[in-house]
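> Next comes the sequence, and after it the predicted model I'd like to discuss.
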Amino acid sequence: MSAMTRPAALLLNVGHALDHLFLLIFAAAVTSIAAEFGFERWEDLMPYGVGAFLLFGLGSLPSGRLGDLWGRRAMMVVFFIGLGAAALLTACTANAWQLAGSLMLLGAFASIYHPVGIPMLVQGSKTPGAVIGVNGLAGNLGVAAAALLTGFLIRESGWRAAFIVPGLISIGCGIAFARLAPAESEAPAKRPKTAAVRLPAAALARVFVVMTTAAVSGSMLFNFSTNGNERLLAERLQGSINDPAQLGMLLAAVYSVASLAQVVVGRLIDRLPLKRLYLCIVACQVPLLALSAYATGWSLYTLLLAVMIFIFGAIPFTDAMVVRYVDDDMRSRVAGMRLSVSFGISSLAVWLLGPVVKSGGFSTLLLLMAGISLFTTTVVLWMPDEATAPLVA
C-alpha cells in the first residue's frame, strides 16, 4: 500500500469518532425513546440496546479477518456507508423490537473500525503510541459529541434526528474515503512485517491473556460509564441542571477533557515501560470510583471528570500491545479475536446497567465498577515486563 495520505488519516480518525458516537446515541436518547414507545422507565428500555454492543464485539472477528485477507481500505468504505445506512434505518423504527434489530445492524458495521481502521492507521508508523493516542482522542471526542449533539438534536428536532444527521455525515465520509484513500496493491496478509518487540512464545501467550482479560474488564468500565453517565448526572445534579442539552454540554466537557489523557498516554507509551505505565493508570481508577459512589452535586461532577480521565487513559494500551508484539500481516485478525472476546462479553454491561441501577442505584453501580478496576489492576500485574523478559532475536 502506498503511504497514508493526510486526508485519509484524518478520515480514519473521524471514523473512530463516528464509531463511538453512534454506539452512544441510544444511551443519550433512551429517555425520549422510552417515552415515545410507551415505557414508564428508561431502565426498562435499556436492555434492548445490548444487541448493538454484542454485534460490535462478535463482528470484530470476521471484520479483522476480512481486513487482513481482503483489504483494509475496502472494509473502511463498507464501515462508513454501512454505519450511516444503519443509523437511518434506526431512525425509522416504530417499536422497541424494531429498534433492537436496527441497533444490532449498526453494531455489526461499527465492529469494523477497531480491528481494521487502527491497524491501517499505524502501519509503518515510527511512533505508534502517539498515533494511537491521537486516534483515541478522536474516538472519545465522538463520545463527547454523542452527549452534546444528541441532547441538542433531541431538544430541537426529536430523537430520530439524532440518528439521521450523523448517519448522513457517515455516508459522506465513506464517499470521501473511497476517493481519497490510497489504493492497496495487495492485502495486508501478503506483505509480512515483523513486530517491534519479539517475545518468546510463553511470554507472548501471557501478553495475549493479559491483553484480552484487561480489555474485557476495561470495556465493561467503558460501557457502564459512557452508557450511564448521562442518567448519573441527571440524578445527582437534579435541582441544579435539568435541561437535557445542558446536561449534554456538561458531559461533553468531561469527555473532551478526559480525551486529552489518551494523547498524553500515547506519547508516554513510546517512551516508558508499558507494564508500569498501564498499572499506574488502572490502579488510580479504584479509589476514584469508590469515592464517586457517595458523592453528589458538583463534587460528583469533579470526581466523574477524574474517573473518565483514567478510564480513557487506559484505552490505548491494548492497541499498543497489538502493534508492539504482533506482526502487521495479522494485526487485524489478532485485534479482531481480542475485540470479539472483550467487546462481546462487555456488552453485558449495557444489559445489566438498567437492572443494576433500578435495584441498587448508581452507588451500587459505581462500587461494582471499582471492583472491576481492582480486578484489572491484578491482571496487569501478571503482564511480562520487557525489561526482564528475554527477547527473540
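The structure has been received and is ready for your questions. Numbers count the residues shown, from 1 in each chain.
> Low-confidence regions, this structure specifically.
In the predicted model of the chain, residues 1-3, 187, 189-199, 239, 328-329, 386-393 satisfy pLDDT under 70.
> For it, which segments count as strands?
For the chain, no strands are identified by DSSP state E.
> Tell me which other helices or strands the longest helix along the chain touches.
Longest helix of the chain, by residue count under DSSP state H: helix 201-236. Helix 201-236 is packed against helix 6-36, helix 128-157, helix 244-269, helix 274-292, helix 297-313, helix 316-325, helix 331-346, helix 348-381, with contacts defined by 3 or more C-beta pairs under 8 Å, 6 or more residues apart in numbering; DSSP states H and E. C-betas here are computed from N, CA, C, even on glycine.
> Give the buried residues for the last one.
For helix 348-381, a neighbour-count test (16 or more other C-beta atoms under 10 Å) marks 349-354, 356-357, 362, 365-370, 372-377, 379-380 as buried.
> ok, now the third one?
Within helix 244-269, the residues that qualify as buried by neighbour count (16+ other C-beta under 10 Å) are 244, 247-252, 254-256, 258-263, 265-266, 268-269.
> In space, what's closest to Thr364 - neighbours in sequence excluded?
Leaving out its chain neighbours, the residue that sits closest to Thr364 by C-beta to C-beta, 6 or more residues apart in numbering is Val356, at 6.1 Å.
> what residues are up against the one you found?
Neighbouring residues of Val356 by C-beta atoms under 8 Å, 6 or more residues apart in numbering: Thr364, Leu365, Leu368.
> any chance of the residues you listed in JSON lines, with distance to Phe208 too?
Converted to JSON lines, the contacts of Val356 look like this (distance: C-beta to C-beta, whole Å):
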{"residue": "Thr364", "distance to Phe208": "33"}
{"residue": "Leu365", "distance to Phe208": "30"}
{"residue": "Leu368", "distance to Phe208": "27"}
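> Going by distance to Val326, which of those residues wins?
Taking C-beta to C-beta as the measure, Val326 lies nearest Leu368 of the contacts of Val356, at 32.1 Å.
> measure the spatially closest residue to the closest one that is not a sequence neighbour to Ile309 for me?
Sequence neighbours aside, Val356 is the residue nearest to Leu368 in space, at 6.9 Å (criterion: C-beta to C-beta, 6+ apart). Note on Val356: its distance to Ile309, by C-beta to C-beta, to the nearest Å, is 24 Å.
> now swap in Ser185 and tell me
Between Ser185 and Ile309 the distance is 41 Å, computed by C-beta to C-beta.
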